[in-house]
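Asker: Generate coordinates for the sequence data below:
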Amino acid sequence: MASLSVIGKRTLLCHYQCNGSDFNTTLMTKMALRSWLLLCSLLPALLLSVCCAGYFSYVRHQQLALSFNASAQQIAQTLALSSSALLQQQDLASVKGLLAQSHQQNSPYISNISLIFTDQRSALHTNALQFHTDLHLPEPSLLPTTGQLQQQGNTLLLYIPIASEQHSYLLLQFSLVELKLQQQQALLQAILLTLGCLLIVSLFTLWLVRRLTGPIQQITQQVQQLAEGNLPQPNAPCAVHELCNLQQALQQFGATLHEQQQETQQQFEQITSDLQLSMEQLEVQNIQLDFARRKAVEENRQKSEFLAKMSHELRTPLNGVIGFTRQLLKTRLSAAQQDYLTTIQKSANSLLHLVNDVLDFSKLEEGRLSINPEPFSLRDLLNDATELLAANAFDKHLELVLMVEPSCPDDLVADPARFTQILMNIAGNAIKFTDHGSIVIRVSATLLNEDQLILHCSVQDTGRGISEEQQSLLFQGFSPSSERSHQAGSGLGLMISQRLVKAMAGNIGFESRETEGSTFWFTIKCLRHQLSVADSLPTEVLENKHLLYFEPQQHSREATLSLLHSWGLQVTACATKGQLQQALAKQQRYDIGLIGRTIAINQVNQVNQVIALIEQISAHCDHNCVLVNTLSPHLRETLLNSGADAVLSKPPHIRKLAATLSAPYLQQQQAQLLPLSSTRSNLKVLTVDDNDANLKLINTLLAEHVLQIDSARDGAVAWHKATQHAYDIIFMDINMPVMDGITACQRIRQSSLNEHTPIVAVTAQATDGERARLLSLGFNEFLSKPLDDTMLYCSLQEYCPALRHSAAPRWPNSKLVDWNQALERAGGKHALVKDMLQMLLDSIAPNRQALQQALQNDDSQQVLQLIHKLHGACCYTGVPRLKALAELLETQLKQAKTLAELEPEFLELDDVLQALWQEGQGWQW
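Answerer: Alright, predicted model coming up:
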């Protein structure tokens with residue numbers, strides 16, 4: 001029974017934990033089965049017994065009280081009648097004897113009988129000690145004939161009148177002690193009866209509990225045996241049918257559970273065996289994967305080394321091509337020769353970019369693709385890229401157009417090389433997979449704040465489009481099993497472009513339908529650059545010039561018209577020959593004629609048509625220029641001989657177009673283009689390179705700045721010369737025979753006359769971390785091939801104080817001119833600095849007068865043109881304050897600010913112009 005109680009408590013306690021903390025449920029779960037049986041049997045019996053005993057006790061109590069009162073009434077009535085007759089006879093002795101006799105007969109109940117007369121001055125008492133005066137009635141006349149009962153403590157008072165004697169009455173004092181004793185005896189009998197009933201019920205309940213708890217204990221033992229994993233032992237049948245069924249069910253359940261345990265154990269053993277076998281196979285696979293990973297890492301390392309070596313081998317000849325092209329561009333050349341050399345230079349740069357693409361793919365796989373933000377001119381970069389794309393577009397007779405929104409800022413900070421790489425990849429694919437129609441490059445910007453903007457660039461083509469199956473494979477790179485499609489290219493372009501765009505905080509996407517063309521777009525996040533990076537265009541002389549423009553192609557016409565209008569030209573645009581005839585019929589004289597035509601070189605008729613147009617327009621224009629979709633020098637010579645003043649390729653480069661149109665109006669242009677002599681410093685430089693072309697190039701570049709140059713073709717010769725001569729600076733190649741550059745550098749540092757001489761590493765190795773590695777090995781600086789003459793000159797200035805001293809001119813004192821910036825804008829040419837500043841000073845007086853007149857007339861357009869012209873002039877010279885004011889005013893005017901709102905800025909501008917003019921009057925050049 002005790003163990004059953006414990007099991008019941010544990011089971012019900014678990015139930016309590018699962019179902020909450022209700023108090024009644026908790027109380028119930030703490031009671032055992034024996035308690036429940038006793039409670040369910042004894043509680044009803046107790047309630048029933050108590051109710052019956054209480055009822056019968058109450059009835060008996062009332063009966064005894066009523067019987068006692070009735071007896072008292074009867075005694076009093078009898079005594080009152082007897083006393084009345086005797087009082088009429090005035091026999092007081094008999095009355096007194098009657099009262100005494102009656103008291104004696106009922107002595108257990110009556111304690112005193114008093115006869116009280118009317119005047120209340122005399123009375124007869126059977127027991128005077130029990131009477132006191134307080135028992136008199138105050139109004140005897142009001143006493144009813146039936147008498148009056150009063151209870152006082154344990155005494156019952158009965159007043160009854162005597163009929164023969166008015167206002168006389170009997171007082172009987174009955175003791176209630178005997179009555180209460182009888183009532184208590186009745187209550188005690190009821191309690192004993194209740195206890196007897198409860199005892200009988202308890203004995204029966206205990207007998208029933210014993211009959212039930214025995215089988216339950218047996219069931220509990222069977223459950224414990226099941227919990228221990230043993231089969232339950234069969235028990236003797238019990239008297240309760242349901243419990244017998246429960247025992248049989250537990251035995252069957254135990255047998256079934258035992259069978260299932262055996263089956264589960266067998267399955268577990270089988271699974272364990274299979275798992276052990278799988279673990280062994282996984283271990284073998286892991287070992288194989290580890291070997292494969294090591295092999296892949298080694299192959300990737302070898303591939304990176306191979307790409308780095310290939311990059312070095314390709315950069316070495318490119319260094320000579322690009323370097324000598326730059327040098328040749330510094331000599332006197334015809335316009336065609338200069339254009340050809342510029343194209344060669346850009347093509348070599350394009351090849352250099354292709355080498356960089358291969359390196360980028362290697363870096364992309366290794367997760368170390370780098371972004372290098374720097375200031376750049378957006379329009380120059382876009383025009384350079386478009387000019388490189390033009391050759392492929394010409395071959396397929398496609399219309400290639402660049403459209404840049406006029407509101408788009410030009411001076412930005414981002415990675416120009418990566419931006420060009422993305423644009424070239426997307427536009428190159430568009431040209432490759434478009435057979436006819438046009439390729440339109442659109443560029444716009446969304447300003448985020450004063451310093452940041454989102455640059456939007458889209459390339460729209462009229463090609464065959466991309467199927468839905470191919471669209472799902474975009475930006476995934478080249479797969480040998482996939483069909484080459486619009487997005488394939490070299491297999492790397494779009495994948496690298498997507499990574500680059502994400503690295504530049506932008507997005508990339510496309511819209512395409514088969515047979516309807518495609519539009520690829522991308523955005524990048526840029527910063528605005530406060531200073532102008534590019535030189536201003538010479539467009540001041542073109543303002544208000546009349547230009548006749550003929551262009552049948554709509555996109556090309558819209559893009560070029562936007563440029564011409566922004567330069568202040570008065571343009572008469574013609575889309576058809578009929579419109580051209582109407583314009584010429586007006587007999588108006590035009591300053592410039594501009595013809596745009598698409599020509600197939602093998603079509604003589606088309607060439608003759610263009611020649612006829614040149615002859616027709618030349619009669620009405622002072623100067624004329626032709627835009628054609630070819631780079632053929634033969635065609636250019638033909639058109640120039642036919643009367644054209646200039647021939648440019650389509651789409652025209654913004655700088656070439658501006659220079660060509662303004663060339664006739666720039667009187668000092670030829671003088672500015674002549675090479676100016678510069679003073680060379682008395683420095684002694686050692687150059688080391690195993691490649692003759694590279695050695696000749698660096699010597700040629702250095703010869704412009706220094707007087708003494710020694711050369712060596714390997715590290716051993718360089719070390720030998722360093723032990724005999726002291727040099728101001730050494731330029732050392734890295735990969736050389738006999739002795740490499742690193743070993744030569746270390747030996748020069750250890751034992752030579754040049755232990756502290758600056759040594760600059762010159763190498764075609766362009767991998768990440770190469771500069772830091774070389775600097776840690778003893779080099780002072782790092783220059784990558786192809787060599788840039790500007791970077792070379794900067795290295796000379798940084799490590800050779802004598803060059804800085806000789807290069808520093810003695811400029812006049814000025815608070816408004818930054819002479820270093822002016823020299824930088826003029827490419828280091830002192831004479832050009834003086835010429836540009838003098839031109840600015842000469843233009844101040846007329847510009848101030850024109851600006852004041854335009855402000856008085858409230859002519860916003862005229863003011864904007866004058867400010868734009870002034871801003872362009874400031875870009876050639878180092879006048880930062882004046883340039884900032886002009887740039888601020890131009891920006892505010894383009895944003896529709898009124899002249900009244902900008903009055904403080906105009907006043908400040910006038911003060912600065914006047915102060916600059918006054919300073920210039922005292923300069924001694």
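Asker: Work out which residue lies at the spatial centre of the chain.
Answerer: By CA atoms, centre = their mean, the chain has its centre lying nearest to Ala505, at 11.7 Å.
Asker: looking at this, it is in a helix?
Answerer: No: Ala505 is assigned coil when assessed by DSSP: H, G, I helix; E, B strand; the rest coil, not a helix.
Asker: What does it show for phi and psi?
Answerer: Main-chain dihedrals, Ala505, degrees, to the nearest 10: phi 60, psi 40.
Asker: Next: His725.
Answerer: The phi/psi pair for His725 (degrees, to the nearest 10) reads phi -130, psi 150.
Asker: Would you mind confirming that it is in contact with Ser752?
Answerer: No: His725 is beyond contact range of Ser752, at 9.4 Å (criterion: CB atoms under 8 Å). Where you see a C-beta, it was placed from the backbone N, CA and C, and this is true even at glycine.
Asker: Who has more neighbours out of these two?
Answerer: Ser752 (20 against 14; other CB atoms under 10 Å).
Asker: Quick check, pLDDT for that one.
Answerer: Ser752 is assigned 77 on the pLDDT scale.
Asker: Name all residues that make contact with it.
Answerer: Trp719, Ala722, Thr723 (CB atoms under 8 Å, 6 or more residues apart in numbering).
Asker: what about it, which SS state?
Answerer: coil.
Asker: where's it relative to His720, distance?
Answerer: Computed with CB to CB, to the nearest Å, the distance linking Ser752 and His720 is 9 Å.
Asker: Could you do Cys244 as well?
Answerer: 116 Å.
Asker: Can you show me the strands along the stretch 751-900 of the chain?
Answerer: 759-763, 781-784 (DSSP state E, counting those that start in this stretch).
Asker: Could you do the stretch 601-750 of the chain as well?
Answerer: 621-628, 646-649, 681-688, 706-712, 729-733.
Asker: quick one on the thing from earlier: which stretch among the strands of the stretch 751-900 of the chain comes nearest Ile592?
Answerer: Among those, strand 781-784 comes nearest to Ile592, with 43.2 Å by CB to CB.
Asker: tell me which strands and helices that closest one is in contact with?
Answerer: strand 759-763, helix 770-776, helix 789-799 (3 or more CB pairs under 8 Å, 6 or more residues apart in numbering; DSSP states H and E).
Asker: Go again with 6 Å.
Answerer: Packing partners of strand 781-784 (3 or more CB pairs under 6 Å, 6 or more residues apart in numbering; DSSP states H and E): strand 759-763.
Asker: Now do the strand it packs on: distance to the chain's middle.
Answerer: Centre-to-centre, strand 759-763 and its host chain are 43 Å apart (CA atoms, centre = their mean, to the nearest Å).
Asker: Quick one: mean pLDDT over the helix ranked longest in the chain.
Answerer: Secondary structure of the chain per DSSP state H: the longest helix is helix 241-329. Here helix 241-329 scores 80 as its mean pLDDT.
Asker: One more: stretch 109-123?
Answerer: For stretch 109-123, mean pLDDT is 75.
Asker: what residues are up against His125?
Answerer: Ser114, Phe131 (CB atoms under 6 Å, 6 or more residues apart in numbering).
Asker: who's it bridged to?
Answerer: Note on His125: beta-bridge partners by DSSP bridges are Ser114.
Asker: follow-up on the earlier one: if I pick the residue nearest to the centre of the chain, what's in contact with it?
Answerer: Contact analysis of Ala505 by CB under 6 Å, 6+ apart lists Lys525.
Asker: cool, Gln914 as well?
Answerer: Neighbour list for Gln914: empty [criterion: CB under 6 Å, 6+ apart].
Asker: Which residues belonging to the helix or strand that it is a member of are considered buried?
Answerer: Using DSSP states H and E, the element containing Gln914 is helix 903-921. Buried residues in helix 903-921, defined by neighbour count with 16 or more other CB atoms under 10 Å: Glu905, Phe906, Leu909, Val912, Leu913, Leu916, Trp917, Glu919, Gly920.
Asker: Same question for stretch 850-857.
Answerer: If you call a residue buried by 16+ other CB under 10 Å, then stretch 850-857 has these buried ones: Leu851, Ala854, Leu855.
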